[in-house]
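Visitor: the sequence and its predicted three-dimensional model are supplied below.
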Protein chains: 2
Amino acid sequence: MAPANAAVKIPLEAPVVEKRVRNRAATEQAILDAAKRLLAEEGFQNFGINAVARGAGCDKQLIYRYYGGLNGLVEAIGTDLGSWVTDRIPDDTGGMFLLTYGDLMERLSMLFLDALRADPLMRRIVAWEISENSEQVRRLSEARSKALAGWIERMRGSLVPPKGVDAQAVNAMIFAAIQHIVLAAAVSDQCAGLVLKNGKDWEKAATALKRIVRGVYG
Amino acid sequence: MAPANAAVKIPLEAPVVEKRVRNRAATEQAILDAAKRLLAEEGFQNFGINAVARGAGCDKQLIYRYYGGLNGLVEAIGTDLGSWVTDRIPDDTGGMFLLTYGDLMERLSMLFLDALRADPLMRRIVAWEISENSEQVRRLSEARSKALAGWIERMRGSLVPPKGVDAQAVNAMIFAAIQHIVLAAAVSDQCAGLVLKNGKDWEKAATALKRIVRGVYG
DNA sequence: CTTGCTACTCACCGACCGGTGACAGATTGG
DNA sequence: CCAATCTGTCACCGGTCGGTGAGTAGCAAG
């Protein structure tokens, strides 16, 4: 509604809402940020055009114009995602010398576990991946797995898995375990009866994970 | 409104739609079946009063009357779920003698893997569990985990895990891995780069899983 | 100042959502 | 026979959704 005293042009009390500057780049960034924030905090369930526009404080029309709708916006998130691994997971070996494939996988497991625990957006995306198979989520999924595979390849160096072990299948199991346990814990602080609240609980989980890795790879 | 031609009582052309019999028990069952079918086939995303009523071929009002709304209906599903484990997973040892804890866990892993692969409803519920933390899903989750824990306890018999291994944590990891890999495969036929389409692919996954179990428990 | 472009907002659409109150027809008990 | 009850249907509510067409405010060039 227009103020009753429209004749008065001077903003008597400073209009608390700071004026939106006309700046396309900034607006695009605000939309993207809002989308990521919303997805990370609320999950994919209520992720939609209206909610993003509300979160970005602009009209949803701009999302259509700048990103071509929600699909394009999700794609933009996926592009951003490419830098996730390189941003959040160290690329070096933490000063350790990885002598064996077992050393490598143990370290990768720990790094991935911690990184996923620390990143709500990534968790939501993983949950999304296993709940739906739309075009949107496929794009995200692809970007994520590609980045992850590249990271692993980089870390692997020249180490090779021991003979007689289907490393790809085993590693898929290990990463699956990590993803599921982190997601379950994020939602309900437990997984399969195992409580996962404080750091001590997570220590136990990490130990179990290392034991599994070492059990297979020595 | 009363029909204008209320005097005409005879349905001239045979009413193709077969008359719904007035039968509360049958209707309740139809609603419950529709809910389970809908959840299994469409997932929790579009699971709602309207959709269930449509699927059951009755008015949504009846869901409110008979189940007290969607919450009550979900609770009824949860109750049904209690019999899931006992229905779908064999309680005996398949003619094998489980001599060691490793034998036991290997067998449990295989049974759980196959059972989950074969049950879309259960998969959807697991996906729901890690995507949301509403009251509804908590009830389902509780029913499921309780039934599962009971089954494991029953199968365990007097076997005890080896000393020095945090069996609870390790087993949580193993079950987490199974759940995640099955869910991922159900949606996209792969998990962490491992293709999971045909039986041969699953054989590899099962072998990897067994190797993990044996690596920990011998 | 006018013209034209860009950034942005607004009002509105049809569709579907969960939820509710009123009502119709069959069944049952007095 | 009437009245109460049970089973089921229907119309309607406010709200939110994704999507669109029209209009407004800032700004720069001529």
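Guide: Ah, there it is. Numbers count the residues shown, from 1 in each chain, chains lettered A, B, ... in the order given.

Visitor: buried residues in the worst-scoring helix or strand of chain A on mean pLDDT?
Guide: Within chain A, confidence by mean pLDDT, DSSP states H and E is lowest for helix A:84-88 among all helices and strands, at a mean of 79. Buried positions in helix A:84-88, judged by neighbour count with 16 or more other CB atoms under 10 Å in any protein chain shown: A:Trp84, A:Val85, A:Arg88. For the C-beta atoms, the positions are set from N, CA and C on the backbone; glycine is no exception.

Visitor: got those residues as TSV, with distance to DNA strand D columns?
Guide: TSV is the format used below for those (distance: CB to the nearest atom of the strand, whole Å):
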residue	distance to DNA strand D
A:Trp84	24
A:Val85	29
A:Arg88	28
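
Visitor: quick one: which of those is nearest DNA strand C?
Guide: Nearest to DNA strand C out of the buried residues of helix A:84-88 is A:Trp84 (CB to the nearest atom of the strand; 26.7 Å).

Visitor: contacts only, for the closest residue to chain B within chain A.
Guide: Closest contact between chain A and chain B, by CB to the nearest CB, is at A:Gly215 (2.7 Å). By CB atoms under 8 Å, 6 or more residues apart in numbering or on different chains, A:Gly215 lies in contact with B:Ile212, B:Arg214, B:Gly215, B:Val216.

Visitor: filter these down to just the buried residues.
Guide: If we count by 16+ other CB under 10 Å, the contacts of A:Gly215 have these buried: B:Ile212, B:Gly215, B:Val216.

Visitor: need the pLDDT of the closest residue to DNA strand D within chain A.
Guide: Using CB to the nearest atom of the strand, the closest approach of chain A to DNA strand D is made by A:Gly48 at 1.8 Å. Per-residue confidence (pLDDT) for A:Gly48: 98.

Visitor: distance of the residue nearest the centre of chain A relative to B:Ile152?
Guide: The geometric centre of chain A, computed from its C-alpha atoms, lies nearest to A:Met122 (CA atoms, centre = their mean), at 1.6 Å. Using CB to CB, to the nearest Å, A:Met122 is found at 31 Å from B:Ile152.

Visitor: same question for A:Pro90.
Guide: If you go by CB to CB, the gap between A:Pro90 and B:Ile152 works out to 38 Å.

Visitor: next: A:Ser131.
Guide: With CB to CB as the criterion, A:Ser131 and B:Ile152 are 26 Å apart.

Visitor: and what of A:Leu81?
Guide: Plainly put, A:Leu81 is 37 Å away from B:Ile152 if you go by CB to CB.

Visitor: excluding its backbone neighbours, what's nearest A:Thr93?
Guide: Spatial nearest neighbour of A:Thr93, excluding adjacent residues (CB to CB, 6 or more residues apart in numbering or on different chains): A:Arg107 at 6.7 Å.

Visitor: what's the average pLDDT for the helix or strand harbouring the one you found?
Guide: Under the criterion of DSSP states H and E, A:Arg107 resides in helix A:101-117. Across helix A:101-117, pLDDT averages out at 97.

Visitor: hmm, who's touching it?
Guide: Against helix A:101-117 from outside (CB under 8 Å, 6+ apart): A:88-90, A:93-94, A:96-98, A:122-123, A:126, A:152, A:155-157, A:159-162, A:167, A:171, A:174-175, A:178-179, A:182, A:185-186, A:202, A:205-206, A:209-210, A:213-214, A:216-218.

Visitor: for A:Cys191, give me phi and psi.
Guide: Main-chain dihedrals, A:Cys191, degrees, to the nearest 10: phi -150, psi 120.

Visitor: sorry, slip of the keys, the one I care about is A:Lys163.
Guide: Dihedral angles (degrees, to the nearest 10) for A:Lys163: phi -60, psi 150.
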